[in-house]
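1. Fold the following.
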Amino acid sequence: MSEFANIILASASPRRRELLARVGLAFQVVPSCAPETILPSETPEAHATRLSEAKALEVANRSEVTGRWFIGSDTIVVRDDAILGKPADAAEASRMLRSLSNRSHRVISGYAVHDRQTGETRAAAVTTRVWFKQLTEAEIGEYIATGEPFDKAGAYAIQGIGAFMVPRIEGSYTNVVGLPLCEVIATLEEMGAWLLAAGRNTGNH
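-> Below is the predicted model of the structure:
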């Protein structure tokens, strides 16, 4: 088995892929097919953590997929107690952005690392508070016209054009992008999946 196959990212998100690649992690991408349902009375943190674990396990349980450590993640935008998903159309994107204007909201990213060899799974959620400036109707319309909001929870991307709306954040920036990188890398190191100092994956024997 090559070391490249040892860590699997169970997500199709190019943003998560870019974040992991940025620190030199060698990994493969196998998108998860786990359903992203919301359970009644489930807290946003529990929701994000549960889905992250479900994504990692769904891919790990596929016999045709090789590898040892599986990373799952799920990011949600929470306004008060309402979970904002990806907008279905321009009208919904407009409503979301209008509701986030001139106030703060939470971005919660769950993450899970599953070790197929030992059966251990570690999962948690990280929260970042994000503030939006007062948005004009023209700004909302022009931003939607770029097409950027449509595959993003909460209808914006802080790492893209949407950065113009965010005067400040409190917490992890990478968490808002889609993966709490500090916590994920620390978990991989603790579970013996990666050595940061050596810049390489482990467990190839």
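2. what about the nearest residue to A93 once chain neighbours are set aside, how many neighbours?
-> Spatial nearest neighbour of A93, chain neighbours left out: P87 (3.8 Å); criterion: Cβ to Cβ, 6 or more residues apart in numbering. Glycine gets a C-beta too; all of them are placed from N, C-alpha and C. By the criterion of other Cβ atoms under 10 Å, P87 has 22 neighbours.
3. check contacts around P87.
-> A93, M96, P149, F150, A155 (Cβ atoms under 8 Å, 6 or more residues apart in numbering).
4. for L57, same thing?
-> Counting by Cβ under 8 Å, 6+ apart, L57 has contacts A34, F70, G72, A112, H114, T121.
5. The fifth one is in contact with E53, isn't it?
-> So that's H114. Yes - counting by Cβ atoms under 8 Å, H114 touches E53, with 7.5 Å between them.
6. Have a look at those two and say which one is more surrounded.
-> More neighbours surround H114 than the other of H114 and E53, with 26 against 23 (other Cβ under 10 Å).
7. average pLDDT across stretch 159-171?
-> Averaging pLDDT along stretch 159-171 gives 97.
8. State the helix or strand in which L179 lies.
-> Assigned by DSSP states H and E, L179 belongs to neither a helix nor a strand.
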